[in-house]
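1. Below is the sequence, then the predicted model.
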Number of protein chains: 4
Amino acid sequence: MEYQSILNSIEKEASYKESSGNVASYIPELAKIDPNKFGMHLYCINSGHYGFGDQQERFSIQSISKVFSLTLAMSLLNDDELFKRVDVEPSGDPFNSLVQLEYENGIPRNPLINAGALVIADILISTLDNPEEKFLNLIRTISDNSEININPKVFQSEKKFSHRNAALLNLMKSFGNIKNPIEAVLDLYTFQCAIEMSCKELATAFMIYANSGKTLFDDTQMISERKVKRINAIMQTCGFYDEAGEFSFRVGLPGKSGVGGGIAAIHPGQYAVTTWSPRLNPKGNSELGMFALERLTTLTGFSIF
Amino acid sequence: MEYQSILNSIEKEASYKESSGNVASYIPELAKIDPNKFGMHLYCINSGHYGFGDQQERFSIQSISKVFSLTLAMSLLNDDELFKRVDVEPSGDPFNSLVQLEYENGIPRNPLINAGALVIADILISTLDNPEEKFLNLIRTISDNSEININPKVFQSEKKFSHRNAALLNLMKSFGNIKNPIEAVLDLYTFQCAIEMSCKELATAFMIYANSGKTLFDDTQMISERKVKRINAIMQTCGFYDEAGEFSFRVGLPGKSGVGGGIAAIHPGQYAVTTWSPRLNPKGNSELGMFALERLTTLTGFSIF
Amino acid sequence: MEYQSILNSIEKEASYKESSGNVASYIPELAKIDPNKFGMHLYCINSGHYGFGDQQERFSIQSISKVFSLTLAMSLLNDDELFKRVDVEPSGDPFNSLVQLEYENGIPRNPLINAGALVIADILISTLDNPEEKFLNLIRTISDNSEININPKVFQSEKKFSHRNAALLNLMKSFGNIKNPIEAVLDLYTFQCAIEMSCKELATAFMIYANSGKTLFDDTQMISERKVKRINAIMQTCGFYDEAGEFSFRVGLPGKSGVGGGIAAIHPGQYAVTTWSPRLNPKGNSELGMFALERLTTLTGFSIF
Amino acid sequence: MEYQSILNSIEKEASYKESSGNVASYIPELAKIDPNKFGMHLYCINSGHYGFGDQQERFSIQSISKVFSLTLAMSLLNDDELFKRVDVEPSGDPFNSLVQLEYENGIPRNPLINAGALVIADILISTLDNPEEKFLNLIRTISDNSEININPKVFQSEKKFSHRNAALLNLMKSFGNIKNPIEAVLDLYTFQCAIEMSCKELATAFMIYANSGKTLFDDTQMISERKVKRINAIMQTCGFYDEAGEFSFRVGLPGKSGVGGGIAAIHPGQYAVTTWSPRLNPKGNSELGMFALERLTTLTGFSIF
């Protein structure tokens, strides 16, 4: 079966599904989104672009940005330096829990939970001049689109409700694992979360993880093949908050979700695939997105396992 | 490079390595093992058997048996029935922690931690007549060796030091998630842990996970392809206690370790591979085994990512 | 105001109160009790007995027995020996939580939570021949009533639902803090909980804590004055599960409650006072009992503070 | 035996004691203190002042200030309003743990741990104009000394190392339990901790808790008798971090300690007593202070129990 007809059949199946999930509400600006948006895009190494629905409409990538910031940090630092400040183990607790951080002396479990992404942001500030610009440049380059940008309203809205992230930062600072001022770290982190991309742009960007670290359109090596494998391994075990096992179990691909309703995943050597549907399940992952990706690996007949 | 020469070079590299880990000591009988034992075996779908060292000497498979009991349970029950009694999420806590179990009302995080394997044992007792025999039969069948058996001294020794597992069982029983008498469950669980296999036998048995659920030697479908993918996904995220991420990160293969010093892993569609070295790192996984497997995926140039 | 008129006015006030609490239901035999039973008894050092309602009807003393077993253990061992096996700090968690026990390596927070009382029972078994008999003798002596006994139906019923206590025992045994067989400890513990006493008998028994360790009726020194102060200090900080602070705050007397609906408290040098009403508040303490004791210290105008 | 001779004998006993504790080091300015300072002061309702050693030298009262801020808040708000924002239960965890706060939705366990005192500070800011001044006035009034003030160096030093308190504040703000800006609350809290008083001044101030809410020198009712009993009950169960039970057990008086090495305690209706010795035990309480107070209640022959 060919990818477009698989995607068409997923779109059709999804239309029969009742989705009862709610849109993320803790950031007021995100709560305004139309809950019925739904798009999917698959970018195949060998045969190009496929998709349906709202695949070209931009949405807030939120936590999916953590994969890009990890990529940027890994391209700048060696692994020993980086991974003594953030671990690579899955987290058994909900995504923003302070408990585990306290038990483990301010070292976050992995770079894809909030605490870990905040440490990565702190590292980028210490390493780069103008990290916001460098971060945006990376995304624009790998998605081959210089117009990608943040949504300033989402940035402002999110900044106002970041007390829990400020708590994480202060706790890690008390353990010596945050080097820059709290406000600066919070600003960079909120900036990266507020970036908007469409399913198509996001799939284009995620191609570097399916394509051994190289962009497909111009074959630029953005990060070494070895490091890409590590990023994929981290996405596999840690990409879906407290549902990483469920996703690995049902879908079988490395990936990352965001509370904006987006999911990006890859099949190494085959394709990058993205979905967007703002209704979230109780664990904070897109309900329809999880369904669509499960159907994809079922209908194509292969996951990485 | 050909597998045997890769394995030879791993054996050589390992001989230069200082291993400071200790043999598991909480089970007196296991503490008697020669800490310098070291063997490795790779069983390739296309090209057969490779190995070195103590690859034909039997050792206590311990927690590796959890993969077999999960396989047996999944072959008997449908997923909905099974996975409402044990979850499939990685566990952020050490392998025998009661804390998480209490927070989650007696539902273990996954079938590869002690609590989860005890629930699986309880399920097998409820479903099968003579579960010990059926369990042993499964292993003998897939490893093509009818002489595999338990070590009765290890069984006795382990039974005497099972207070923590009894605590887990009682706690789960208080939540209604254990249906049979505590003693019966503890007996089956201790029985499965006390089974002894060599690296070669274990690799032969694990071939079913690399070969879509079929034995390689006689092509019997032991469990459906879809279920094998699920087992592999669970091994990927949960197979190494609190080091699942590190293993995924360094090795990139689904696998399972045991405190007897064994590790079994697979590359779907390629090979099953096993190591044995009794010295454990502080997280309870074989130090030299982790090293050997990391070298294997580095030297062969591919992991699943 | 004289004690009997104070008690009368408390009885009247209580009759206007709507009590919405439920009778303890986890032990089937206890769930059968008439929820509207209500009695109170005050035994004054100088002026004798006062009371109202069902003050002479026996009820299951349950956890109140922990004070008597602590008393027996303290009369047999010196403090250093005893308090290295159980701490004297209040517990921030619900009364039967395993979490804290695991974090603190099998040493219970205090002797008035289940885990601590189980350690005390273990100590009594190690120290005494026939501990059940000795325990019963102590209670019969200090309550001046040789007919006090257990309710065998409650004992049987409770024994069947003791998985959580068995979990605590196994966990502590894994840390080496239980020396005797699990069953034996569970038997003694369940025995002590199943004892039945009336408010009047309980107040007579508790007089030793108000009267410097001596029975009032025949002036026998049952335990040293210094040790009684320690017991009272422990009741003050640890006697009411997760409501010790609330009780200290509202009532201001050392005391102990049980899920059978009883509460026993003392004002050192003044009186012992007991209440019985089976409806429990959400924290597991008798709703009307808490109210009655609060009114008592308000109307008499003194607490220990 | 008369108080002065008891105090003399305590001073003598203490001189033979080897104190191995360390001065608090997390606030650099506090770490500079001479570890061998030692003073004690007892202020008796009937017979006035007694003391020895460095009883007239001022030290940083630190957490002892939490009793004063609770007193101020209780004099301004009714109990229902106040105690829905902070509970009155002892805390089983170390004094600055975030864990419990997260489990209990941002409601601190009691007003004498950091989280609780920060909520009290937030309440004072919402209720009072110029709360710093009002707070200082309260202390000056009840200690009958208008020259009491903060140490500005300690204030500055402490402010720089308040990341953990900022984490607590942000976490509570995310639960809606902090109403004012984080910085403002942190400023008031740090201000109150930086106040300096001598043993004699502190004992004079604490007399209101021993004397039913009234100053002894001019008989002013600072707070109602009923509220004083509540404050004493809270001190009894929560005044000594994770050593409240131990203090209750060994000393038997309501009290509060601070990391500056001070302890203030009271015997209702009898006396207020204070000690100062900067060496702390591993739980963060003054080692010699604990000893001196234990000897006091032993030698005088009465605690509240």
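-> Arrived safely. Residues are numbered from 1 along each chain as shown, chains lettered A, B, ... in the order given.
2. pretty sure residue A:47 contacts residue A:216?
-> No - at 11.3 Å, residue A:47 does not count as touching residue A:216 under the criterion of CB atoms under 8 Å. Where C-beta positions appear, they are placed from N, C-alpha and C, glycine not excepted.
3. Quick check: chain neighbours aside, which residue is closest to the closest residue to chain C within chain A?
-> In chain A, the residue that lies nearest chain C is residue A:103 (9.4 Å; CB to the nearest CB). Nearest residue to residue A:103, sequence neighbours excluded (CB to CB, 6 or more residues apart in numbering or on different chains): residue D:99, at 7.9 Å.
4. Around the one you found, count how many other residues there are.
-> 17 (other CB atoms under 10 Å in any protein chain shown).
5. The one 4 residues further on too?
-> Residues near residue D:103, counting by other CB under 10 Å, number 12.
6. Residue A:47 and residue A:216: who's more crowded?
-> Ranked by neighbour count (other CB under 10 Å), residue A:47 and residue A:216 place residue A:216 first, with 19 against 12.
7. So the more buried one, which state does it fall into?
-> coil (DSSP: H, G, I helix; E, B strand; the rest coil).
8. CA atoms only for the least confident helix or strand in chain A by mean pLDDT, dumped as PDB, please.
-> The helix or strand of chain A with the poorest confidence is helix A:99-103; it has a mean of 79 (mean pLDDT, DSSP states H and E). Presented in PDB, the C-alpha positions along helix A:99-103 are these (Å, rounded to 0.1, in the frame of the first residue of the first chain):
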ATOM      1  CA  VAL A  99       9.700  15.300  43.600                       C
ATOM      2  CA  GLN A 100      12.200  13.400  41.500                       C
ATOM      3  CA  LEU A 101      14.300  16.400  41.000                       C
ATOM      4  CA  GLU A 102      14.700  16.800  44.700                       C
ATOM      5  CA  TYR A 103      15.500  13.200  45.300                       C
END
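9. Contacts for the very next helix or strand once past that helix next, please.
-> Of the helices and strands lying after helix A:99-103 in sequence (DSSP states H and E), the nearest is helix A:114-127. Here helix A:114-127 makes contact (CB atoms under 8 Å, 6 or more residues apart in numbering or on different chains) with A:63, A:65-66, A:69-70, A:72-73, A:76-77, A:82, A:85-87, A:95-96, A:101, A:108-111, A:131, A:134-135, A:164-165, A:168-169, A:172, A:177-180, A:184-186, A:188-189, A:192.
10. restrict those residues to contacts with chain B.
-> Applying CB under 8 Å from any CB of the partner chain to the contacts of helix A:114-127, one finds that A:87, A:109, A:110 fall near chain B.
11. Distance to residue C:142, pLDDT and neighbour count added to the residues you listed, as JSON lines?
-> Converted to JSON lines, those look like this (distance: CB to CB, whole Å; pLDDT from 0 to 100; neighbours: other CB atoms under 10 Å in any protein chain shown):
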{"residue": "A:87", "distance to residue C:142": "57", "pLDDT": "93", "neighbour count": "20"}
{"residue": "A:109", "distance to residue C:142": "54", "pLDDT": "91", "neighbour count": "25"}
{"residue": "A:110", "distance to residue C:142": "59", "pLDDT": "94", "neighbour count": "26"}
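12. Tell me the one of those residues nearest residue A:303?
-> residue A:110 (21.5 Å; CB to CB).
13. near chain D, which residues of chain A show up?
-> Checking chain A against chain D by CB under 8 Å from any CB, the hits are A:97-99, A:102-103, A:163-164, A:166-171, A:173-174, A:182.
14. Just the buried ones from those residues?
-> A:97-99, A:102, A:163-164, A:166-171, A:173-174, A:182 (16 or more other CB atoms under 10 Å in any protein chain shown).
15. Does the residue nearest to residue A:103 touch residue A:100 like I think?
-> No - here residue D:99 lies out of contact with residue A:100, judged by CB under 8 Å, at a distance of 9.6 Å.
16. Next one: residue A:156 from residue B:258, what distance?
-> 53 Å (CB to CB, to the nearest Å).
17. more neighbours, the two?
-> residue B:258 (26 against 13).
18. For the nearest residue to the more buried one once chain neighbours are set aside, list the residues it contacts.
-> Counting by CB to CB, 6+ apart, residue B:62 is the residue found nearest to residue B:258 once chain neighbours are left out, at 3.4 Å. Counting by CB under 8 Å, 6+ apart, residue B:62 touches B:30, B:193, B:258, B:259, B:260, B:262.
19. partners of the residue nearest to the last one when sequence neighbours are not counted in the sheet?
-> Think residue B:262. Among residues not flanking residue B:262 along the chain, residue B:276 sits closest, at 5.0 Å (CB to CB, 6+ apart). Residues in a beta bridge with residue B:276, per DSSP bridges, are residue B:39, residue B:262.
20. Residue A:43 too?
-> Bridge pairing for residue A:43 - DSSP bridges - gives residue A:49, residue A:272.
21. Which pLDDT does the model give residue A:94?
-> For residue A:94, the pLDDT comes out at 59.
22. Then residue A:304?
-> Reported pLDDT for residue A:304: 77.
23. isn't residue A:208 right up against residue A:219?
-> No - in this structure residue A:208 lies outside contact range of residue A:219 using CB under 8 Å: 10.9 Å.
24. Just want to know which of these two has more residues nearby.
-> residue A:208 (26 against 8).
25. Does that one belong to a helix, a strand or coil?
-> Reduced to three states by three-state DSSP, residue A:208 is helix.
26. Now do it against residue A:151, distance only.
-> 24 Å.
27. Now do the same contact list for the residue nearest the centre of chain A.
-> Centroid-nearest residue in chain A: residue A:64, 1.6 Å away (criterion: CA atoms, centre = their mean). Contacts for residue A:64 (CB under 8 Å, 6+ apart) come out as A:202, A:256, A:257, A:258, A:262, A:263, A:264.
28. Am I right that it is in a helix?
-> Yes - Residue A:64 sits within a helix when classified using three-state DSSP.
29. Now do residue A:106: how many residues are near it, please.
-> Neighbours around residue A:106, by other CB under 10 Å: 18.
30. Disregarding residues adjacent in the polypeptide, which is nearest to it?
-> Residue A:106 sits nearest to residue A:175 (CB to CB, 6+ apart), 2.6 Å away.
31. could you measure the one you found against chain B, distance?
-> From residue A:175 across to chain B, the span is 18 Å (CB to the nearest CB, to the nearest Å).
32. on that earlier part again, among the residues of chain A next to chain D, name the ones in helices.
-> A:99, A:102-103, A:163-164, A:166-171, A:173-174, A:182 (DSSP state H).
33. mind giving me the domain ranges of chain A?
-> A:3-59+A:197-300, A:63-193 (automatic domain parsing).
34. and of the ones you listed, who's closest to residue D:303?
-> domain A:63-193 (35.5 Å).
35. Distance from the chain centre to the closest one, please.
-> 12 Å (CA atoms, centre = their mean, to the nearest Å).
36. Okay, now it: how far is its last residue from its first?
-> Across domain A:63-193, the terminal residues are separated by 6 Å (CA to CA, to the nearest Å).
37. on that earlier part again, nearest to residue A:38 among the residues of chain A next to chain D?
-> residue A:164 (29.3 Å).
38. who's in contact with that closest one?
-> A:96, A:114, D:170, D:171, D:174.
39. residues near the second one, how many?
-> Same thing as residue A:114. 22.
40. any idea how far residue A:148 is from residue A:263?
-> Distance from residue A:263 to residue A:148, by CB to CB: 18 Å.
41. Ok, residue A:287 next?
-> For residue A:287 relative to residue A:148 (CB to CB), the value is 26 Å.
42. ranges for the strands of chain A?
-> A:39-44, A:48-53, A:59-60, A:149-150, A:195-197, A:255-257, A:262-267, A:271-276 (DSSP state E).
43. and those as CSV, adding mean neighbour count?
-> Formatted as CSV, these follow (neighbours: other CB atoms under 10 Å in any protein chain shown):
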stretch, mean neighbour count
strand A:39-44, 25
strand A:48-53, 18
strand A:59-60, 27
strand A:149-150, 16
strand A:195-197, 23
strand A:255-257, 30
strand A:262-267, 28
strand A:271-276, 30
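44. Adding mean pLDDT, write those strands out as JSON lines.
-> Output for the strands of chain A, formatted as JSON lines (pLDDT from 0 to 100):
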{"stretch": "strand A:39-44", "mean pLDDT": "98"}
{"stretch": "strand A:48-53", "mean pLDDT": "98"}
{"stretch": "strand A:59-60", "mean pLDDT": "98"}
{"stretch": "strand A:149-150", "mean pLDDT": "98"}
{"stretch": "strand A:195-197", "mean pLDDT": "98"}
{"stretch": "strand A:255-257", "mean pLDDT": "97"}
{"stretch": "strand A:262-267", "mean pLDDT": "97"}
{"stretch": "strand A:271-276", "mean pLDDT": "98"}
